[in-house]
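Trainee: the following block contains a protein sequence and its predicted model.
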Amino acid sequence: MTKLLRGFSKWFKKAIGLGEPRDEASLAAEEEVKPPQAVLSETKAPFIRKKKEKVNIQVGLDFGTSSTKIMYSQLGRRGTKIVKFGHSLSNYPSFCLPSVAAINDKGRLILGAEAARYLQNKDWDDGFQRFKVIVAGNHDHNFHDPVSDEQFHHYRQTHGLDGTFTAEKLTALYLAHVMKETRNIISNYPEYRDVDIDMAFNICMPIDHIQNSTVKDEFEKIFLYAEKIEDVWSSQGNALDLIGASYDLEDKPYEKERRVYSAPEAVASFASYLISLRRQEGLHAVIDMGAGTTDISICNLKDPYDQSMSYWYSARNIPYGTIGIERL
């Protein structure tokens, strides 16, 4: 047994090159007599990259006055999933991204969860807040909130920004941030790491804004503006000067295919009921109380198993929300 082990050890060392030392001449001679297949095996074969599977994902973006929520579905698969942001903020559930912004101690614009974390030990009304309502109020006096408007201008002035940094610019930057965060989170889910994702965003807009051409046009400009910012931001990373980019890209044409669209909030709120297992025939009023506005939809569902048999009677967006209660 000992002889067998010694013999195996001697053969193994020789096989992996740990046997007796050899001079350069013997090594060169061995190279000369290498069979062709050995030479071919050492030649690197061309690297062939397998084409990634393309996956289409539809994202529903509920842009709220105080927080923003995200749900998504993959075309061809059943079911809708919610995005959790994992920010660990005590005042916001994990599926809510704060609709706030701030200028930090270094003079840098921060957005979403980072801004909320920075503002949590400051005054309740500090920072850039409720800019969705401010934008609507800029283009329709019915939605004008003088307190939020005044606070926005005061915070902007005290942090060295002039009147060209508008609520519209800030809204576009915030939505770009939301889309970038959403893209990063979904792309890093195990099932999507090795695929080519085509992601489209559907952003909710109050029904009155859809019917009001002035406000609708302004919000759709903002959505396109945000899309341009997110595209550049995703390619350049966090080194991007956000405020500078908002000026550079404001009027720059977007030559890519658009992947951001608007959707009426009233339709989105009732759609979930239409596919619910508890849907019932009859007249329904759906009330969505938000921080800045309240949406009311009145619908008649004739056949709970036929979604085409539902009738819209009215849908309105009332310019009052829970901000007043919180302020008191």
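Mentor: Received, thanks. Residues are numbered from 1 along each chain as shown.
Trainee: next up, the contacts around the nearest residue to residue 96 once chain neighbours are set aside.
Mentor: Spatial nearest neighbour of residue 96, excluding adjacent residues (Cβ to Cβ, 6 or more residues apart in numbering): residue 67 at 3.9 Å. Using the backbone N, CA and C atoms, a C-beta is placed for each residue, glycine as well. Listed by Cβ atoms under 8 Å, 6 or more residues apart in numbering, the contact partners of residue 67 are 92, 96-99.
Trainee: what does residue 85 give?
Mentor: 94-97, 112-113, 181, 185 are the contacts of residue 85 under Cβ under 8 Å, 6+ apart.
Trainee: and which of the contacts of residue 67 is nearest residue 74?
Mentor: residue 97 (21.2 Å; Cβ to Cβ).
Trainee: how many neighbours does the closest one have?
Mentor: Neighbours of residue 97 under the rule other Cβ atoms under 10 Å: 28.
Trainee: hmm, residue 113 and it touching each other?
Mentor: Yes: counting by Cβ atoms under 8 Å, residue 113 is a contact partner of residue 97 at 6.3 Å.
Trainee: list the residues that contact both of the two?
Mentor: Listed as contacting both residue 97 and residue 113 by Cβ under 8 Å, 6+ apart are 85, 87.
Trainee: let me know how buried residue 259 is, in neighbour terms.
Mentor: As a measure of burial, residue 259 has 15 neighbours, counting by other Cβ under 10 Å.
Trainee: repeat that for residue 70.
Mentor: 24.
Trainee: so which bits of the longest helix seen in the chain are buried?
Mentor: If you go by DSSP state H, the chain has its longest helix at helix 213-236. By 16 or more other Cβ atoms under 10 Å, the buried positions in helix 213-236 come out as 215-216, 218-220, 222-223, 225-231, 233.
Trainee: circling back: filter the contacts of residue 67 down to the ones in strands?
Mentor: The members of the contacts of residue 67 that map onto strands under DSSP state E are 97-98.
Trainee: low-confidence stretches in this protein?
Mentor: Scanning the chain for pLDDT under 70 picks out the ranges 1-50, 207-212, 304, 307-308.
Trainee: for it, which segments count as helices?
Mentor: 2-15, 24-32, 36-42, 112-119, 131-139, 146-158, 167-187, 207-211, 213-236, 242-248, 265-274, 323-327.
Trainee: could you dump the fifth one to CSV, C-alpha only?
Mentor: Once non-C-alpha atoms are left out, helix 131-139 reads as follows in CSV (Å, rounded to 0.1, in the frame of the first residue of the first chain):
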residue,chain,number,x,y,z
PHE,A,131,-45.1,70.9,-4.8
LYS,A,132,-47.8,68.9,-6.8
VAL,A,133,-50.5,71.2,-5.4
ILE,A,134,-48.3,74.3,-6.0
VAL,A,135,-48.0,73.3,-9.7
ALA,A,136,-51.7,72.8,-10.0
GLY,A,137,-52.4,76.1,-8.3
ASN,A,138,-50.0,77.9,-10.7
HIS,A,139,-52.2,76.9,-13.6
